[in-house]
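>>> Sequence plus predicted model, see below.
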Amino acid sequence: MLGYEGEFSGEEGSQLAYVQVRMRAEAINDLEREILMRMNAREFSVFFAQTLTKEMRLRKGILKLSPFALWLIDREGQKRIEWDVVVNVEEKKRGKYKGVEYAAISIEYIDEDSKVKSSLIISKGDIISTLKKQISEILSKYSVEKDISDIENQILALIYAGAFDFTEMEKMASSFGISEEEMRRYLEHLSEIGMLEDANGGKRLTKRGIRYMMSMSKGSR
């Protein structure tokens, strides 16, 4: 399924729309690229590398920002990174080339396999400053910290560490000094706000939950 995200004017305001299309893989890629290029979104000219390795190769393209995701687009294809899975955005050192100041940011995010990956984005210094500011403003809207209590943070930390035993719910509740019913309410609330999902008779962190715990870990350093 090809999902297109954009802003549509109407009586109900901005909406998220999905269109299902069946085509050859190459044709789908071309169609997605065409839609992205026409999408009404903030656009920046950049150089980017989709992985931070010694063998990384910088590609010239554009970056597009929407309230739902960012896209890195060049002639070879496009990469979509949803805001829900972005862990951290960090500005790198600045430098000059032929008298022009360039800067870079790295974006850490959770991929489809729940592993952390990083993309590097380089452009003129003023463009990177604007880009980082706009990304930070968007990411602030995805924060759920205000909805999570201290005890829920502790529960998430145990699940993240693999130390929460869902087969011993009463025992786990007792370790927190609460009843089993209270523990189940906390777990249900964390599921409702998108931090946990059902898995094998228990619960596990969603990508959003993993992102949150990694952000918490970085903040405590």
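Perfect, I can see it now.
>>> biggest helix in this protein by residues?
Using DSSP state H to define each element, the chain has its longest helix at helix 125-140.
>>> And that helix, what's buried?
125, 127, 128, 131, 132, 135, 138, 139 (16 or more other C-beta atoms under 10 Å). C-beta coordinates here come from the backbone N, C-alpha and C atoms, glycine included.
>>> which secondary structure element contains the residue nearest to the first one when sequence neighbours are not counted?
When you say that, I think you mean residue 125. Of all residues beyond its chain neighbours, the one nearest residue 125 is residue 101 (4.0 Å), with distances taken as C-beta to C-beta, 6 or more residues apart in numbering. Element membership of residue 101 [criterion: DSSP states H and E] is strand 100-110.
>>> ditto for residue 63
Counting by DSSP H and E, residue 63 is part of strand 59-65.
>>> doesn't residue 102 make contact with residue 125?
Yes - the pair residue 125 / residue 102 is scored as a contact, 6.3 Å apart, by C-beta atoms under 8 Å.
>>> List the contacts of the residue most central in space within the chain.
When C-alpha atoms, centre = their mean is applied to the chain, the residue found nearest the centroid is residue 85 (2.2 Å). By C-beta atoms under 8 Å, 6 or more residues apart in numbering, the contact list for residue 85 reads 109, 110, 111, 207, 208, 211.
>>> Please tell me how far it sits from residue 77.
Separation of residue 85 from residue 77 (C-beta to C-beta, to the nearest Å): 19 Å.
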